[in-house]
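# Here is a sequence together with a model predicted from it:
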Amino acid sequence: MTVQDIRTFNRFYTNVIGALDYSRQLYAPYTLTESRVIYELAHSPRTDAADLRSELSLDAGYLSRILNKFEDAGLIERTTSTSDPRRRHITLTARGRETADLLAERANESVAALLSTVPSADRPRLAEAMLTVREILSEGRPPRREDVLLRDPVPGDLGWIVSRNAALYAAEFGWNTDYEGLVARIVADFAEDHDPHLERVWIAELDGRPVGCVMCVRDDAPGTARLRLLLVEPEARGLGIGDRLVDAVIDFARGVGYRELVLWTNDVLAAARRVYQRHGFVLVAEKPHRSFGKDLTGQDWRLDLHGGPRE
């Protein structure tokens, strides 16, 4: 392969992406760069201008103008960090999240239209080729936090949640198939009947494959949301994925008006407990029980969502 081969491919692929991303129908009334900023804010719920400049390689003045435009339009809100007054946290408002969802929906429709031109028999080969390019060009470079994407689930992801929960908890804690049955029921209930405005699933993706997940669902108690099925694959640990997933749940729950967030876990899940504690959850009850083939101590944790922004 020569330099010219890569440049030729780049020109071809740029034209393909250009047909998708530069469409005025897709991004109006936002430019491509503005849409990229909205996308980053939607997938990194707690960030600041320095993070955005670094991630998107934007000029500080240009980014400031974009953020001012978004604030005037009610898409974002900025708060000063109490731990570092020089930094201002940027989060999407409810209107901003609606805008991000609309852009994502239009982008998905555009990509789906492109994919519809590819014969079904060729799609696995196309997916494998794209993965091969990513793997070869990133080989030897350790994964970075910014390589992790938080996204909504696509077909197959809910099955992945059941499969990986069952396999990982069996391997790490020796839990039996009773746990797989529990996870399957939780996921099936969500898939069959959930309110997309009040309940959500996040998938953490690294190098094109899922490496983590979490759910936010309504609890039986009024005004209460429940965090469920937090998981991070062993090879992806150490990248702050658990914190980002929990952060996403908290911001979502607070944004749609829940008053408190609760979760149930077991004392053997020490790493998860540390994540919950870092985000302000308080242990409210413990009870021994026999489940999943083991003697365990179940724990109920609670977070008051009216406690103000987290820093």
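Looks like it arrived, so ask away.

# Do you have the helices of the stretch 1-150 of the chain handy? List them.
Along the stretch 1-150 of the chain, the stretches classed as helices by DSSP state H, counting those that start in this stretch are 3-21, 24-27, 32-43, 49-56, 60-72, 94-115, 123-138.

# now the fourth one, how far from the centre of its chain.
Right, the one you point to is helix 49-56. 18 Å (Cα atoms, centre = their mean, to the nearest Å).

# and it, which residues are buried?
Buried residues in helix 49-56, defined by neighbour count with 16 or more other Cβ atoms under 10 Å: Ala49, Asp51, Leu52. (Each C-beta comes from the backbone N, C-alpha and C, glycine too.)

# Distance to Pro153 and pLDDT added to these, as JSON lines?
Listed next are those as JSON lines, based on distance: Cβ to Cβ, whole Å; pLDDT from 0 to 100:
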{"residue": "Ala49", "distance to Pro153": "30", "pLDDT": "81"}
{"residue": "Asp51", "distance to Pro153": "25", "pLDDT": "77"}
{"residue": "Leu52", "distance to Pro153": "26", "pLDDT": "82"}
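
# nearest to Pro234, of those residues?
Taking Cβ to Cβ as the measure, Pro234 lies nearest Asp51 of the buried residues of helix 49-56, at 26.6 Å.

# still on that earlier bit, deepest-packed of the helices of the stretch 1-150 of the chain, please.
helix 32-43 (a mean of 19; mean count of other Cβ atoms under 10 Å).

# Contacts for that one next, please.
Residues outside helix 32-43 that contact it (Cβ atoms under 8 Å, 6 or more residues apart in numbering) are 21-22, 26-27, 30, 47, 52, 55-56, 58, 62-63, 66-67, 69-70, 75-76, 90-92, 96-97, 99-101, 103-104, 149-151.

# The helices of the stretch 1-150 of the chain: which one's closest to Pro288?
Closest among these, using Cβ to Cβ: helix 32-43, at 39.4 Å.

# so what strands line up beside the helix or strand hosting Leu231?
Using DSSP states H and E, Leu231 sits in strand 224-232. If you go by DSSP bridges, strand 224-232 pairs up with strand 209-218 (antiparallel), strand 260-266 (parallel).

# could you point out which element follows the last one?
Downstream of strand 260-266, the next assigned helix or strand under DSSP H and E is helix 270-278.

# May I see the buried residues of that next one?
Ala272, Arg273, Val275, Tyr276.

# Quick check, the first one in contact with Leu229.
No: checked against Cβ atoms under 8 Å, the pair Ala272 and Leu229 is beyond contact range at 10.7 Å.

# what's around Ile203, how many residues?
Using other Cβ atoms under 10 Å, Ile203 has 21 neighbouring residues.

# so where's this protein shaky on pLDDT?
Regions of the chain meeting the criterion pLDDT under 70 cover residues 17-28, 44-46, 81-84, 139-140, 307-311.
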